[in-house]
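**Student:** Give me the fold of what follows.
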Amino acid sequence: MKTKTHFAFFDEGSKKEIRRAILKAVAIPGYQVPFASREMPIARGWGTGGLQITLSIIGKQDVLKVIDQGADESVNAVSIKKLVNETTGVELTERTQDASLIQSRHRIPEVPLSSDQILVLQVPMPEPLRDVEASEYVTKRLHSEDEYSGAWLMLFEQIMKYGKTATDADHPVYVNNRYVMAPSPIPRFDNPKMHQSEALILLGAGREKKIYAVPPYTDVESLAFEDYPFTVESFEGQHCHLCGETDVFMDELIDPDTGETIYQCNDTSYCMERLNKIGKAEVESSHA
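**Tutor:** As a prediction, this is how the structure comes out:
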């Protein structure tokens, strides 16, 4: 006897409860909304928060893209795509511009998102004040009082110790001039993409049981001091050894043949699409 499976894994009651949390999160940008995180067929810490959001809002007409640190073919991305596809039958794609729903771990795609797209980010730790305050009760009170001196102190201590802020990823942001928010462990390079984004950005932390959001066209400002302004990772003078792109977030690699340092687009689908479009011969000649 074949067991009946609900569309998108969850029963309708579970989906409605998660959608209500999403609606509240959209209504209060940057605010962490508690929700009853469900048990999933993957371990907590492997994207259950983002996956629960995706399964709760996906429809039969959607086209899904899943990436893990810029790659479509990683174990995490492939496993999530398989689960969603087997329980919904939706179309899958690797092209950012073709997707209506994008679930991502640690990256925002290089292709600018549009108003008819939703980006879901997987979050391990949603509380930006956790490093300075262990109590959930206290952090809730600090958010309600708009008291973020702890976040500023954390950045100040980094400057005193290293001469600059040392948050390579998950650099806190100020959302809608009200809440300080953890943007998920995206690189600093991706923080500006959240500001006035045309797409709705939803963030889910399954283990911590929190959902929060950045609605379209919302102001998002990375925390920084006037004399130590926020800066992103610089790849000045470097280019992707495959497609030749320069203005993207890149991985630093070692060429196995020469032992020299080379750079490559972190967003693999962006790189492959660009390479197919312009041709490898043209790339090699332009950097000869």
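**Student:** Can you tell me how far residue 33 is from residue 134?
**Tutor:** Taking C-beta to C-beta, to the nearest Å as the criterion, residue 33 is separated from residue 134 by 21 Å. No exception for glycine: its C-beta is placed from N, CA and C like everyone else's.
**Student:** report the longest helix in the chain, please.
**Tutor:** For the chain, the longest helix by residue count, based on DSSP state H, is helix 12-27.
**Student:** now for that helix, which elements pack on it?
**Tutor:** The contact analysis (3 or more C-beta pairs under 8 Å, 6 or more residues apart in numbering; DSSP states H and E) places helix 12-27 against strand 33-34, helix 48-57, strand 200-205, strand 210-214.
**Student:** try 7 Å
**Tutor:** Judged by 3 or more C-beta pairs under 7 Å, 6 or more residues apart in numbering; DSSP states H and E, helix 12-27 is in contact with strand 33-34, helix 48-57, strand 210-214.
**Student:** The second one versus strand 200-205: what angle between them?
**Tutor:** Interaxial angle, helix 48-57 versus strand 200-205 (axes from the mean of the first three to the mean of the last three C-alpha atoms, to 10 degrees): 130 degrees.
**Student:** residues in contact with helix 48-57?
**Tutor:** The list of residues contacting helix 48-57 from outside it, by C-beta atoms under 7 Å, 6 or more residues apart in numbering, reads 8-10, 15, 18-19, 22, 37-38, 40, 42, 80, 84, 101, 103, 120-123, 202, 204-206, 211.
**Student:** returning to what we had before: minimum distance to residue 173: which of the helices and strands packed on helix 12-27 has it?
**Tutor:** Distances from residue 173 to each of the helices and strands packed on helix 12-27 were compared by C-beta to C-beta, and the smallest falls on strand 210-214, at 8.7 Å.
**Student:** what's the next secondary structure element after that closest one?
**Tutor:** Read in the C-terminal direction, the helix or strand following strand 210-214 is strand 220-222, with elements assigned using DSSP states H and E.
**Student:** ok, back up a step: of the contacts of helix 48-57, buried ones?
**Tutor:** Buried by 16 or more other C-beta atoms under 10 Å: 8-10, 15, 18, 22, 37-38, 40, 80, 84, 101, 103, 120-123, 202, 204-206, 211, out of the contacts of helix 48-57.
**Student:** rewinding a little: would you mind listing the buried residues in the longest helix of the chain?
**Tutor:** 14-15, 18, 21-22, 24-26.
**Student:** out of the helices and strands packed on helix 12-27, nearest to residue 174?
**Tutor:** For residue 174, the closest of the helices and strands packed on helix 12-27 is strand 210-214, at 11.4 Å, according to C-beta to C-beta.
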